[in-house]
Structures are given as structure tokens and as C-alpha cells.
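J.: predicted coordinates and the sequence they were generated for:
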Amino acid sequence: MALAKFAEIKQFILARIEAGEWEENARVPSENQLTEMFNCSRMTARRALTELVDAGILERTQGLGTFVAGLKSQSSLLNIRNIADEIKERGHGYSVKQLELTQIEAIAPIAIALGLEVGSPVFYSVLIHCEQGLPLQLEERFVNPHLIPDYLSQNFTQQTPHEYLSQVAPLTEARHTVEAIIANEQIQQRLEILATEPCLQIIRRTWSRKGVVSFARLVHPGSKFRLGGHLTFKR
């Protein structure tokens, strides 16, 4: 079945970014240019660009145009580390509960984040990482099956998804968003917290040399987790 025009435009843009033809901060074709290139309406071109902007892949600058987002700009605030190592370094016991490991169909936000079509198969895992037997992190991860075909064959009680992905598709870039949230009932049960306890949520998208590897949501109980960072400024 032929792709919808807006999806075709998105694939065209993503392919050039992933191939390195359009680097960070490179200007992408305008709505008018895309309209001519793909023989489509301006509304269709705008939809393609808007969805890529919403996914954090492109950035719009008023009066200047649309550009490839600086994918590395936020990663300096967070070191991407294996949570099992962090817990063990504190001298504490690490354990994990694997709740789900399956294949699902990608809804729109997940498909956009992974650079796939809506309804495409993606791999999905849910784990609870524990420190001293108490839940510290709820990890919900969506993985690109084209880049990580053996993901569902792994035993993540023996090796964390982060550790496995770092081995088979070394990370080259990452983008994070961090926000405070009120946990829904399911998260409360999984993290064994009260309804009144706030949580810290980290949304993380990671790339390897070949493209977007995974899209993860990491939720931590506010009373058990602290986020820190170190910035160095050049003169």
C-alpha cells in the first residue's frame, strides 16, 4: 500500500538526517519547497514538518525556517548510565522484575519517536528496577525492531536493556526531557507508592549510527531519587 504523502515526506527527511546528509542545525526544505517536490498541498507538507517538530527531530525558528534539531544539546545534563551499576556502586543490592516483553503496534507518538509508520511493529518491555528490594525505577521502553531484531530473545533479569542495547547498537546521541508528574494508579501499584507522592519522569530517546534505537519512559518515586549534573563552561 502506498504511503500517505505526509508520511512519505517524513521518511524523506528522516532518511537524510540518519544518513548524515543533513546534520544538526541544517535547514530543511520549506513547506512551499516540499509542496513542489512531492506534488502535494501545503497543509500536507505542514503536517509532516509539524509532526517531526513535535517529536523533537526538527526545530522551527520564526522568520528563518525549520532546522534539524540539536540532538545532543540536552544530553550534557544527564549521564546515560546503567541503573544496575549505579545501585551497586552505592553498595546496595540490585534486583529487577520483568513485567512485559512483547511486540505491539506503534501508536502515533511512538511511531514518530522511532521514525516508523503508525501501526508498525515495535518491541516493548516493562521492568521495575529495585534497590534493596524497593522499586526505584519503572522502565517502559519501545525498541526499533529493524535495528535490534533480537530484543525479544533477551533475559533482562540478567542484563538491563540499557546494557544490552549499548553492546549491540552503541549509542551515539540521546535526547532527554525531565518533568515532575503525579502517578496514575498503575504506576502507583508498580512503584509501591502512595497516590500523594510525586514522581520524576525522564523521557529518553537514543540513537545509534544507523538511526533511532529506542524511546523510553523512566519513572522514579520522588522520595527515592535525585537528579544531578555537572556542567563545564568554556571561555
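T.: In hand now; what should we look at? Numbering: from 1, shown residues only.

J.: show me what contacts residue 152?
T.: 101-103, 123 (Cβ atoms under 8 Å, 6 or more residues apart in numbering). In this view, the C-beta of every residue, glycine as well, is placed from N, C-alpha and C.

J.: could you dump these to TSV with distance to residue 30 and secondary structure?
T.: Converted to TSV, the contacts of residue 152 look like this (distance: Cβ to Cβ, whole Å; DSSP: H, G, I helix; E, B strand; the rest coil):
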residue	distance to residue 30	secondary structure
101	43	strand
102	41	strand
103	38	strand
123	36	strand
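
J.: neighbour-wise, which of those residues leads?
T.: With neighbours taken as other Cβ atoms under 10 Å, the top of the contacts of residue 152 is residue 123, carrying 21 neighbours.

J.: what sits against that one?
T.: Residue 123 sits in contact with 101-103, 142-145, 148, 151-152, where contact means Cβ under 8 Å, 6+ apart.

J.: how much space between it and residue 86?
T.: Distance of residue 123 to residue 86, computed by Cβ to Cβ, to the nearest Å: 24 Å.

J.: same check, this time on residue 4
T.: 43 Å.

J.: next, count neighbours for residue 95.
T.: 15.

J.: quick one: strands adjacent to the helix or strand hosting it?
T.: Per DSSP states H and E: residue 95 is located in strand 94-105. Take DSSP bridges as the rule and strand 94-105 pairs in its sheet with strand 121-131 (antiparallel).

J.: can you pull out the strands in this protein?
T.: 58-61, 65-68, 94-105, 121-131, 134-143, 173-182, 198-208, 211-221 (DSSP state E).

J.: so for residue 18, which of those strands sits nearest?
T.: Proximity to residue 18 (Cβ to Cβ) singles out strand 211-221 among the strands of the chain, at 4.5 Å.

J.: please spell out which residues along the closest one are buried.
T.: Under the neighbour-count criterion of 16 or more other Cβ atoms under 10 Å, strand 211-221 has 211-221 buried.

J.: what do you get for stretch 107-114?
T.: Counting neighbours by 16+ other Cβ under 10 Å, the buried set in stretch 107-114 is 110-114.

J.: stretch 142-156 now?
T.: Buried residues in stretch 142-156, counted by 16+ other Cβ under 10 Å: 142-145, 147-148, 151, 154, 156.

J.: now do that stretch: distance to the chain's middle.
T.: In this view, stretch 142-156 has its centroid 15 Å away from the chain centroid, taken as Cα atoms, centre = their mean, to the nearest Å.

J.: and if you look at stretch 11-27?
T.: Centroid displacement of stretch 11-27 relative to its chain, using Cα atoms, centre = their mean, is 18 Å.

J.: just the terminal-to-terminal distance for that stretch.
T.: 16 Å (Cα to Cα, to the nearest Å).

J.: ok, residue 206 touching residue 171?
T.: Yes: the pair residue 206 / residue 171 is scored as a contact, 5.2 Å apart, by Cβ atoms under 8 Å.

J.: look at these two and report which has more neighbours.
T.: residue 206 (23 against 16).

J.: pLDDT wise, what is the more buried one at?
T.: Note for residue 206: predicted pLDDT of 90.

J.: residues touching it, list them.
T.: So residue 206 contacts 80, 165, 171, 173-174, 212-214, 216 (Cβ under 8 Å, 6+ apart).

J.: ok, residue 122 to residue 173 distance?
T.: For residue 122, the distance to residue 173 - Cβ to Cβ - is 19 Å.

J.: then residue 84?
T.: Taking Cβ to Cβ as the measure, residue 84 falls 23 Å from residue 173.
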